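[1] mind looking at a prediction? Sequence and model below.
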Amino acid sequence: MDKKERLIRVLEDLDSDELVKIHNEYCEKCNYPDDEIFNMDDFEEIIGNPSYMTLAQMIYCGNFNPNEKYWWYDSYGNIKSADYPESNYGDQQIYISDIANAMICEEDGFGNDECQEIIDEDDEEDEEE
């Protein structure tokens, strides 16, 4: 099994909180600030003070449920939410394969020790398997 497959396996086994943390680190390191995912508890602090109409449009045109755990902006500036942003159904926001590729290219586990260990292994070990 190559490094990417092993990284994907580790990432798939993480809980949503840890995966969101790694995703946000990935966004910061790879310069994707618009793709960051926020905890619903921080909604009022992050959203600021848009007009009521602007906020209503962002919610209406997005797919937002304030009872879910996470939220983010879509590519149009609308608000989307999900309890599991890594899932393959609904509004997927986390792309594990892309994160694994970036970990290998950046040689960075994005704050996850197990991923960092895989990245730090010699390439020769991969070839022997």
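    Yep, that arrived.

[2] which residue ranges form the helices in the chain?
    With DSSP state H, the ranges of helices along the chain come out as 3-13, 16-29, 43-47, 52-61, 96-106, 113-120, 123-128.

[3] for Lys80, find the nearest of these.
    helix 52-61 (9.7 Å; C-beta to C-beta). (Each C-beta comes from the backbone N, C-alpha and C, glycine too.)

[4] compare the helices of the chain and give me the one nearest Glu86.
    Of all the helices of the chain, helix 16-29 sits nearest to Glu86, with 5.4 Å by C-beta to C-beta.

[5] low-confidence stretches in this protein?
    88-91, 123-129 (pLDDT under 70).

[6] and the residue nearest the centre of it?
    The chain has His23 as the residue nearest its centroid, 3.1 Å off, counting by C-alpha atoms, centre = their mean.

[7] would you check how far apart it and Asp41 are?
    Computed as C-beta to C-beta, to the nearest Å, the His23 to Asp41 distance reads 17 Å.

[8] need the helices of the chain in CSV (columns: distance to Ile79).
    Formatted as CSV, the helices of the chain follow (distance: least, C-beta to C-beta, whole Å):
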stretch, distance to Ile79
helix 3-13, 25
helix 16-29, 16
helix 43-47, 8
helix 52-61, 5
helix 96-106, 22
helix 113-120, 30
helix 123-128, 41
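
[9] indicate which one of these is closest to Ser87.
    Ser87 lies closest, by C-beta to C-beta, to one member of the helices of the chain: helix 16-29, at 9.0 Å.

[10] report all helices and strands that the closest one contacts.
    With contacts defined as 3 or more C-beta pairs under 8 Å, 6 or more residues apart in numbering; DSSP states H and E, the packing partners of helix 16-29 are helix 96-106.

[11] got the contact list for Leu11?
    By C-beta atoms under 8 Å, 6 or more residues apart in numbering, the contact set of Leu11 is 19, 22, 96, 99-100, 115.

[12] closest to Ala82 among the residues you listed?
    Leu19 (12.1 Å).

[13] my guess is the closest one meets Gln93, correct?
    No. Between Leu19 and Gln93 there is no contact under C-beta atoms under 8 Å: 10.4 Å.

[14] mutual contacts of those two, please.
    Common neighbours of Leu19 and Gln93 (C-beta under 8 Å, 6+ apart) are Glu86.

[15] good, wrapping up.
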